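S.K.: I need the structure of the sequence given here:
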Amino acid sequence: MTSETVIIGGGVIGLAIAIELKLRGTRVTVLCRDFQAAATHAAAGMLAPDAENIPNEAMRSLCWRSRALYPDWTRKLEELTGLNTGYRPCGILAPVFKEAGGAGSREQGAGSREHGQNSSSLDSSPCPPASSPAYWLNREAIHQYQPGLGAEVIGGWWYPEDAQVDNKALAHVLWTAAESVGVELKDGITVEAFLQQQGKVVGVQTNAGMIRAAHYVLASGAWSNELLPLPVRPRKGQMLSVRIPEFAPELPLKRVLFGQDIYIVPRRDRLVIGATSEDVGFIPDNTPEGIQKLLQAAIRLYPQLKHYPIQEFWWGFRPATPDELPILGTSYCQNLTLATGHYRNGILLAPVTAALIADLILEQKSDPLLADFHYSRFQSKPSTSTPMLTHSANFSNGHRSAISPQHSPVETRLIASLPIEDSPLIIAGKTFQSRLMTGTGKYRSIEEMQQSIAASDCQIVTVAVRRVQTKAPGHEGLAEALDWTKIWMLPNTAGCQTAEEAIRVARLGREMAKLLGQEDNNFVKLEVIPDLKYLLPDPIGTLQAAEQLVKEGFAVLPYINADPMLAKRLEEVGCATVMPLASPIGSGQGLKTTANIQIIIENAGVPVVVDAGIGSPSEAAQAMELGADALLINSAIALSPNPAAMARAMNLATVAGRLAYLAGRMPIKDYASPSSPVTGTITS
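M.R.: Now for the predicted structure:
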């Protein structure tokens with residue numbers, strides 16, 4: 001299937017962009033994994049940039065601009081569908097509680113308040129932003145304006161330009177509007193991976209097959225991180241509603257209350273109460289603790305709702321970024337646009353996001369405001385404070401020249417003078433001079449890791465994708481710690497127990513490498529390890545994952561038991577290397593599988609990399625003397641009392657073992673053979 005533009009994500013952002021693009025004359029398909037699971041359905045529908053007192057100037061401007069678009073935008077949607085969005089420019093009331101210590105007597109009279117003007121009565125209340133009116137109501141005024149507020153409320157801010165929309169009604173209207181204008185909507189479609197070639201997306205792999213387009217938009221909210229290594233995490237929010245009793249003569253609460261860690265939004269026959277903010281991943285369901293906190297805060301703000309019957313509980317996952325700002329605009333692929341990470345403000349920002357993204361895609365017009373929300377803000381320049389490698393590998397792609405690994409002047413003269421020739425290490429068409437690969441795990445500090453990699457002269461460094469994603473200890477700032485213009489990243493699927501997990505993590509690893517500037521990096525070290533005690537790889541799962549990843553264009557470097565039959569089968573399915581273990585991971589037991597590794601080397605048509613278990617330089621040299629093409633060593637270096645010195649020793653051992661292999665070993669004899677001459681000796 002092909003389409004002009006494919007949008008991944010069927011929430012409010014994805015649908016708003018789809019409608020805007022379609023109305024401007026382009027053909028659009030929306031791929032939605034589960035329309036009902038979108039964060040849109042779990043929101044409260046507040047359009048509250050003033051009440052939230054957004055501190056970031058660019059974000060505030062973006063939100064104000066979008067709020068100004070809302071009247072015309074919702075009117076257009078309602079005209080397209082004949083349905084009501086529930087948009088109400090009702091203003092929002094933000095009550096302020098009496099401060100601890102009895103400061104309730106310090107109040108401020110009603111009137112507008114400009115940014116920067118403070119009052120002692122509001123030390124606990126953030127100052128409203130400039131250029132948007134806000135009015136302070138004292139105790140008497142606020143209780144008269146909204147009867148029923150808690151006794152602790154000593155005043156509050158009135159934000160007349162804030163508004164609300166019925167989020168569930170809006171979601172239904174957007175879906176209906178998209179259908180009515182001819183957007184192709186595909187619900188129940190899970191996008192599994194982007195297929196990329198030479199800096200462009202050439203298709204998306206889904207549970208329904210490959211889908212191709214000229215342009216792609218990622219708008220999958222909290223799930224964006226499953227497709228690209230963007231810093232977007234789910235932030236769970238629990239909510240509930242209470243039903244307004246039938247005996248109530250009229251709606252007792254007529255306006256949105258935006259309180260401290262709580263909000264109450266009145267709808268026709270109910271009050272919506274929200275919301276918690278929990279960094280718990282995709283853990284579903286409501287919890288007693290979460291609901292209790294909401295009810296306690298809501299009753300404190302508006303006590304009479306404690307008598308209202310509970311109607312419904314629900315939860316959703318907001319797409320949060322580290323700075324709580326959205327990711328908007330271009331990506332590292334020229335035909336992939338990002339529109340995700342809207343956190344609390346997805347519904348508010350839908351109109352402006354749709355307009356800005358449509359301008360960017362169709363007219364190549366980038367609004368200056370987009371620069372503040374570009375994904376590159378999460379990328380720091382490589383550190384230059386720690387000495388790094390000064391050599392580059394020759395990647396055989398015309399971009400880099402071949403430069404040998406650094407050696408001391410004595411080493412350089414010695415190696416150059418030797419009457420021996422050796423070919424470089426070639427993996428998946430890329431050429432490397434160093435035959436030692438290292439890792440980034442288990443070091444006591446980032447600095448030790450940097451120093452050790454520099455001392456090792458390695459050109460390939462393996463990185464655990466999952467540990468970088470989750471910022472596991474020792475992996476914080478890893479992307480910035482190494483100079484990826486000089487080191488080739490080998491993403492690995494460490495921690496994956498099934499083939500399916502490994503395939504998904506491999507795809508993320510490829511995206512991570514691209515974000516760090518290695519756009520042509522399709523390498524993956526494949527690990528499928530369900531055995532948590534001995535960490536032995538699963539041969540069946542490894543083969544299954546390798547077959548799929550090879551089909552997707554990966555250069556697969558599989559970690560395996562020293563099984564000659566499996567090694568040959570993996571080579572036949574297209575793996576770029578085989579990586580048999582010397583002994584269990586991190587054990588330092590040395591070469592326990594020598595006989596099988598020799599058989600693998602003898603029969604292999606691809607490089608053989610001995611991986612895992614090597615604990616000393618003598619064992620590294622021994623593995624190379626067997627004829628291994630390269631070594632991967634991590635624990636023996638990282639766990640040494642002096643990692644940098646051990647890294648250097650492993651480098652020298654690898655070189656020595658390779659030279660010994662090329663030179664050839666003397667024959668082993670069953671008898672002695674004197675080294676001194678037996679003729680021409682002096683006799684008495």
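
S.K.: Quick check: chain neighbours aside, which residue is closest to residue 607?
M.R.: residue 629 (3.8 Å; C-beta to C-beta, 6 or more residues apart in numbering). C-beta coordinates here come from the backbone N, C-alpha and C atoms, glycine included.

S.K.: I meant to write residue 66 there.
M.R.: residue 352 (3.6 Å).

S.K.: would you say that neighbour is within a helix?
M.R.: Yes. Residue 352: assigned to a helix according to DSSP: H, G, I helix; E, B strand; the rest coil.

S.K.: quick one: it and residue 62 touch, right?
M.R.: Yes. In terms of C-beta atoms under 8 Å, residue 352 counts as a neighbour of residue 62; the distance is 6.1 Å.

S.K.: Compare neighbour counts for these two and give me the winner.
M.R.: residue 62 (27 against 24; other C-beta atoms under 10 Å).

S.K.: was I right about the more buried one contacting residue 351?
M.R.: No. The criterion here is C-beta under 8 Å, and residue 62 misses it with residue 351 at 10.8 Å.

S.K.: still on that earlier bit, what's the local residue count around the residue nearest to residue 607?
M.R.: For residue 629, using other C-beta under 10 Å, the count is 21.

S.K.: contacting residues around it?
M.R.: 425, 435, 577, 607, 608, 609 (C-beta atoms under 8 Å, 6 or more residues apart in numbering).

S.K.: These: which two are farthest apart?
M.R.: 435 and 577 (12.0 Å; C-beta to C-beta).

S.K.: quick one: the residue nearest to residue 66 from residue 290, how far?
M.R.: Per C-beta to C-beta, to the nearest Å, residue 352 is found 31 Å from residue 290.

S.K.: Please apply the same query to residue 52.
M.R.: For residue 52 relative to residue 290 (C-beta to C-beta), the value is 21 Å.

S.K.: Next, please give the residue ranges for the helices of the stretch 501-650 of the chain.
M.R.: Per DSSP state H, counting those that start in this stretch, the stretch 501-650 of the chain carries helices over the ranges 539-551, 564-573, 594-603, 617-625, 635-638, 643-663.

S.K.: got JSON lines for those, with distance to residue 265 too?
M.R.: Formatted as JSON lines, the helices of the stretch 501-650 of the chain follow (distance: least, C-beta to C-beta, whole Å):
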{"stretch": "helix 539-551", "distance to residue 265": "46"}
{"stretch": "helix 564-573", "distance to residue 265": "56"}
{"stretch": "helix 594-603", "distance to residue 265": "65"}
{"stretch": "helix 617-625", "distance to residue 265": "65"}
{"stretch": "helix 635-638", "distance to residue 265": "53"}
{"stretch": "helix 643-663", "distance to residue 265": "56"}
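
S.K.: Pretty sure residue 89 sits against residue 75.
M.R.: No. Between residue 89 and residue 75 there is no contact under C-beta under 8 Å: 12.0 Å.

S.K.: pLDDT weak spots in the stretch 201-350 of the chain?
M.R.: 247-250 (pLDDT under 70).

S.K.: distance of the closest residue to residue 290 other than its chain neighbours from residue 658?
M.R.: Leaving aside its sequence neighbours, residue 290 sits nearest to residue 238 (C-beta to C-beta, 6+ apart; 4.0 Å). To residue 658, residue 238 is 60 Å away according to C-beta to C-beta.

S.K.: what do you get for residue 212?
M.R.: Computed as C-beta to C-beta, the residue 212 to residue 658 distance reads 45 Å.

S.K.: before we move on, what about residue 378?
M.R.: Counting by C-beta to C-beta - residue 378 and residue 658 are separated by 40 Å.

S.K.: and the two? which has more neighbours close in?
M.R.: residue 658 (23 against 15).

S.K.: Which pLDDT value goes with that one?
M.R.: As predicted, residue 658 sits at a pLDDT of 91.

S.K.: Hmm, residue 434 and it touching each other?
M.R.: No. Contact status for residue 658 versus residue 434: not in contact, 10.4 Å apart, counting by C-beta under 8 Å.

S.K.: Poorly predicted segments of the stretch 401-550 of the chain, please.
M.R.: Those would be 401-421, 466-479, if you go by pLDDT under 70 across the stretch 401-550 of the chain.

S.K.: 80 instead?
M.R.: 401-423, 466-480, 533 (pLDDT under 80).

S.K.: and which of the contacts of residue 629 is nearest to residue 69?
M.R.: Relative to residue 69, the closest of the contacts of residue 629 is residue 577; by C-beta to C-beta it sits at 54.2 Å.

S.K.: can you pull the contacts of that closest one?
M.R.: Counting by C-beta under 8 Å, 6+ apart, residue 577 makes contact with 427, 557, 558, 606, 607, 608, 609, 629.

S.K.: Just give me the neighbour total for the residue nearest to the third one when sequence neighbours are not counted.
M.R.: So the one you mean is residue 558. On the basis of C-beta to C-beta, 6+ apart, the spatially nearest residue to residue 558 that is not a chain neighbour turns out to be residue 526, at 4.4 Å. Applying other C-beta under 10 Å, we find 29 residues neighbouring residue 526.

S.K.: I'd assumed residue 493 was in contact with residue 526.
M.R.: Yes. Counting by C-beta under 8 Å, residue 526 touches residue 493, with 5.8 Å between them.

S.K.: could you measure the nearest residue to residue 43 once chain neighbours are set aside against residue 292, distance?
M.R.: Spatial nearest neighbour of residue 43, excluding adjacent residues (C-beta to C-beta, 6+ apart): residue 167 at 4.3 Å. To residue 292, residue 167 is 24 Å away according to C-beta to C-beta.

S.K.: So for these two, which sits in the more crowded spot?
M.R.: The residue with more neighbours, out of residue 167 and residue 292, is residue 167; 25 against 10, by other C-beta under 10 Å.

S.K.: Please identify which helix or strand holds residue 314.
M.R.: Element membership for residue 314, per DSSP states H and E: strand 310-320.

S.K.: Mind giving me the packing neighbours of the host helix or strand of residue 59?
M.R.: Here residue 59, judged by DSSP H and E, is contained in helix 57-81. Judged by 3 or more C-beta pairs under 8 Å, 6 or more residues apart in numbering; DSSP states H and E, the packing partners of helix 57-81 are helix 167-181, helix 346-363.

S.K.: Secondary structure class of the residue nearest to residue 290, three-state.
M.R.: strand.

S.K.: and if you look at residue 480?
M.R.: helix.

S.K.: What about it, how many residues nearby?
M.R.: Neighbours of residue 480 (other C-beta under 10 Å): 15.

S.K.: Show the pLDDT at the closest residue to residue 550 other than its chain neighbours.
M.R.: Distance criterion C-beta to C-beta, 6+ apart; nearest residue to residue 550, sequence neighbours excluded, is residue 574 at 3.9 Å. Looking at residue 574, its pLDDT is 90.

S.K.: could you list every residue that touches residue 574?
M.R.: Counting by C-beta under 8 Å, 6+ apart, residue 574 makes contact with 546, 550, 556.

S.K.: For residue 484, which of the helices of the stretch 501-650 of the chain is the nearest?
M.R.: Once the helices of the stretch 501-650 of the chain are compared by C-beta to C-beta, helix 643-663 is nearest, at 18.6 Å.
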